[in-house]
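Trainee: here is a sequence with its predicted model. Questions after.
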Amino acid sequence: MKLIGKITLGLIGLLVILAAVVAIRTITYKPPSAADLTQVKLAPPVAIDTAKAAEHLSQAIGFQTVSHQDKSEDQPAEWDKLHAWLQATYPAIHAATTREVISDHTLVYTWKGSDPSLSPIVLMAHQDVVPVTPGTEKDWKHPPFDGLIADGAVWGRGAIDDKGSLITLFEGAEALAAKGFKPRRTVIIVSSHDEEVRGQGARAAAALLKSRGITADFVLDEGMAIIADNPVMGGPVALIGVAEKGYGTLEVTAKATGGHSSAPPADSGGVATLAKALVKITDAQFPMKLDGPGAGMLQVLAPEGSWPIRMAVANRWLFEPLIVKQTAATPAGAALLHTTIAPTMLKGSPKENVLPQDATAWINYRIAPGDTAASVLAYTKAAAGDLPVTIAWAKTPDEPSPVSSTSSDGWKAIAALAGDMAKAPVAPGLVTAGTDSRYMQPVAKDVYRFQPMKFALKDTQMIHGTNEHMTLENLGLAVQFYARLIATAAG
């Protein structure tokens, strides 16, 4: 009994020590070294006319610059109308810049700075929008291409993605140019015409900058935003994307003899083989890891969160499995922690009573930093095992982007301004979708992804969905942000 008592006392002592270590680490926890944003000298607010900006966004939504998967369905004249409208609506910035049209309808504006020794900055926003799903038009509160101003917002396809950014960027630049602002650092505005489908415009713009020997100090594009109800801390936080996932689609094909369905082979043919392969591949999910930008976001926000969150992040050595489990409780959270697998399309027989000679599935992958297209392909082949299927990329995939700095001057300017205007903490994040900015990586020191707009998490569902709209509050916020960013970073 004495031995049992000693063991019990020893275990209690260890638990007390463990609890003390956890408590001390929690109390003294500080996020990894971050840039001091208090020393950034921000440009003051500028005078803006939110009502006029709303009218301009309304007009821009009326141009149906819809990018279809089949390019022949596009209406090039709509882009021509938008370009003419931009020139007429923003005369001051057009007078101050050199305008180039490349790759059909992509726009590149150069606002030359007075100090050629300073690396330029590149600001991006695309012109095209996604289609409205046929049959859903009746679900919209207001017609999707009317740009109606109602209920404190501008309604229509592209109000957020990405004409909202395009118009507020031009509004901010116009406000500066109209009052005679002249940048010391060159400002380049890149507005592609096909971000939603092909990305050829952004590729052409990157090639143009490369041909001129340009390496931008930073690039800023869409991607993340101010989230009013961030689940880590419950309140608002400005999330700035410092990286984005790669993108690729694998074709998985099972060959078969084919024939009449009245005399199927014992193994049921290619469709059955393909189904088995899909089950194996999707069951072999990539492991979830608390590293990269996803972990960086948690580390920065932990001091602002509740005691349990701070305790867990401060003591990852003990609580990491729990953090991963909690983060992965939602699809959006899980996407931050690993490469995702999403079967999206299937092809088999053209007729119900015919055995196909081949059956194919397309699986979309969003490749997390740390993985590569080659490692994803190898992992998927291993998951399929010895099943008689071929697995190959449908087209050359995009690798995940490098992770941009959170200590550079570009980060400091963007983060300090975002925090000042949002009145909220700022944290790095991982963009799980794709943006045009991925093509700019070779011509930039750093690439950041942030829209200066505030959303509740539920509001993000309207992007590419029904009832997309820009609130007048967000409109004013974005115009101020772009004007002050240009004046801060290039002034």
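Mentor: All right, it came through fine. Here the structure is a predicted model, which is why all the values come from computation and not from measurement. Numbers count the residues shown, from 1 in each chain.

Trainee: can you measure across stretch 153-171, start residue to end residue?
Mentor: End-to-end distance for stretch 153-171, by Cα to Cα, to the nearest Å: 17 Å.

Trainee: check the offset of that stretch from the chain's centre.
Mentor: 17 Å (Cα atoms, centre = their mean, to the nearest Å).

Trainee: now swap in stretch 405-421 and tell me
Mentor: 18 Å.

Trainee: check which residues of that stretch are buried.
Mentor: Using 16 or more other Cβ atoms under 10 Å as the test for burial, stretch 405-421 gives 405-406, 408-421. Placement of C-beta: from N, CA and C, glycine included.

Trainee: in a strand, Leu475, correct?
Mentor: No: counting by DSSP: H, G, I helix; E, B strand; the rest coil, Leu475 falls outside a strand, being helix.

Trainee: next SSE after the strand or helix carrying Glu174?
Mentor: Using DSSP states H and E, the element containing Glu174 is helix 163-178. Using DSSP H and E, the helix or strand that follows helix 163-178 towards the C-terminus is strand 187-191.

Trainee: hang on, the earlier thing: by contact count, what packs against the helix holding Glu174?
Mentor: When contacts are defined as 3 or more Cβ pairs under 8 Å, 6 or more residues apart in numbering; DSSP states H and E, helix 163-178 sits against helix 50-61, helix 91-96, strand 187-191, helix 472-490.

Trainee: dump those into TSV; add mean neighbour count, distance to Met311 and mean pLDDT as well.
Mentor: Formatted as TSV, those follow (neighbours: other Cβ atoms under 10 Å; distance: least, Cβ to Cβ, whole Å; pLDDT from 0 to 100):
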stretch	mean neighbour count	distance to Met311	mean pLDDT
helix 50-61	19	43	98
helix 91-96	17	50	98
strand 187-191	25	44	98
helix 472-490	22	34	98
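
Trainee: so which of these gets nearest Val21?
Mentor: helix 472-490 (42.8 Å; Cβ to Cβ).

Trainee: with only the CA atoms kept, save that closest one in CSV.
Mentor: Backbone C-alpha positions of helix 472-490 (Å, rounded to 0.1, in the frame of the first residue of the first chain) are rendered in CSV as follows:
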residue,chain,number,x,y,z
LEU,A,472,-22.1,51.2,-48.9
GLU,A,473,-20.0,50.8,-45.7
ASN,A,474,-17.7,48.4,-47.4
LEU,A,475,-17.6,50.6,-50.5
GLY,A,476,-16.3,53.6,-48.5
LEU,A,477,-13.9,51.4,-46.6
ALA,A,478,-12.4,50.1,-49.8
VAL,A,479,-12.0,53.4,-51.5
GLN,A,480,-10.3,54.9,-48.5
PHE,A,481,-8.0,51.8,-48.2
TYR,A,482,-6.7,52.0,-51.8
ALA,A,483,-6.2,55.7,-51.7
ARG,A,484,-4.3,55.6,-48.4
LEU,A,485,-2.3,52.5,-49.4
ILE,A,486,-1.1,54.2,-52.6
ALA,A,487,-0.2,57.4,-50.7
THR,A,488,1.5,55.4,-47.9
ALA,A,489,3.4,52.9,-50.0
ALA,A,490,4.2,55.1,-53.0
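
Trainee: now do that helix against helix 50-61, angle only.
Mentor: Helix 472-490 and helix 50-61 meet at an angle of 90 degrees, taking axes from the mean of the first three to the mean of the last three Cα atoms, to 10 degrees as the criterion.

Trainee: give me the distance from helix 472-490 to the chain's centre.
Mentor: That offset, for helix 472-490, works out to 20 Å (Cα atoms, centre = their mean).

Trainee: follow-up on the earlier one: angle of the helix holding Glu174 against helix 50-61?
Mentor: Going by the same axes, to 10 degrees, helix 163-178 makes 130 degrees with helix 50-61.

Trainee: separation between the residue lying closest to Pro143 once chain neighbours are set aside and Thr466?
Mentor: Nearest non-adjacent residue to Pro143, counting by Cβ to Cβ, 6 or more residues apart in numbering: Glu137, 7.2 Å away. Taking Cβ to Cβ, to the nearest Å as the measure, Glu137 falls 9 Å from Thr466.
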